[in-house]
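*Asks:* I would like to see how this sequence folds:
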Amino acid sequence: QVQLVESGGGLVQAGGSLRLSCAASGRTFSTYGMGWFRQAPGKEREFVAAIDWSGGSTDYADSVKGRFTISRDNAKNIVKNTVYLQMDSLKPEDTAVYYCAADPRGVVAGTTPGSWGQGTQVTVSS
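*Replies:* Predicted structure coming up:
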C-alpha cells in the first residue's frame, strides 16, 4: 500500500509557475508508476501526466505538453519518496484540484490508478 500526500498548490497569475509535490510512503514505491490527474468544477477528472517506475518514460495530456514536466525522486530511502509536477505558463483553464496517483501496473491515461492523494487546489487568475 502506498500513501500519497500532495502539496504546492495555490493561487497564481496566468503565465506563472507552480511546482506540485507528492510525498509517497511505502516500501514498494520505487516499483510504482506515478501520475497526476486534475478535476475542475463541473468537469470529470482528467489525466495530466504520468511517469514510469524508473523515471525514464513520461506521458502528458495534449493540453499540458510543453508546459508541464513530471519527475520523480526514487531516493535510496525507500520509506519516503517524491514525485513532482512542474507547471509553467499556467492558464486559467489549468484551474482544478490536482491529484497524485500511483499504481504498481503503471499510470496510464484512461485507467484508474489504485492509490490516490487527497488533492491540492491550483487556481490560475487571468
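
*Asks:* can you pull up the most central residue in the chain?
*Replies:* Taking C-alpha atoms, centre = their mean, the centroid of the chain lies closest to residue 36, which sits 2.7 Å from it.

*Asks:* how about it: what's its closest non-neighbour residue?
*Replies:* Leaving aside its sequence neighbours, residue 36 sits nearest to residue 48 (C-beta to C-beta, 6 or more residues apart in numbering; 4.3 Å). Backbone N, C-alpha and C define where each C-beta goes, glycine included.

*Asks:* can you list the weak-confidence ranges in this protein?
*Replies:* Scanning the chain for pLDDT under 70 picks out 1, 27, 75-80.

*Asks:* so how far is residue 74 from residue 13?
*Replies:* Using C-beta to C-beta, to the nearest Å, residue 13 is found at 33 Å from residue 74.

*Asks:* of the two, which one has the most company?
*Replies:* A count of neighbours by other C-beta atoms under 10 Å puts residue 74 above the other of residue 13 and residue 74, at 18 against 10.

*Asks:* thinking again about what came up before, and the residue nearest to residue 36, what does it touch?
*Replies:* Neighbouring residues of residue 48 by C-beta atoms under 8 Å, 6 or more residues apart in numbering: 35, 36, 37, 38, 60, 61, 64, 68, 85, 98.

*Asks:* all good on my end, thank you.
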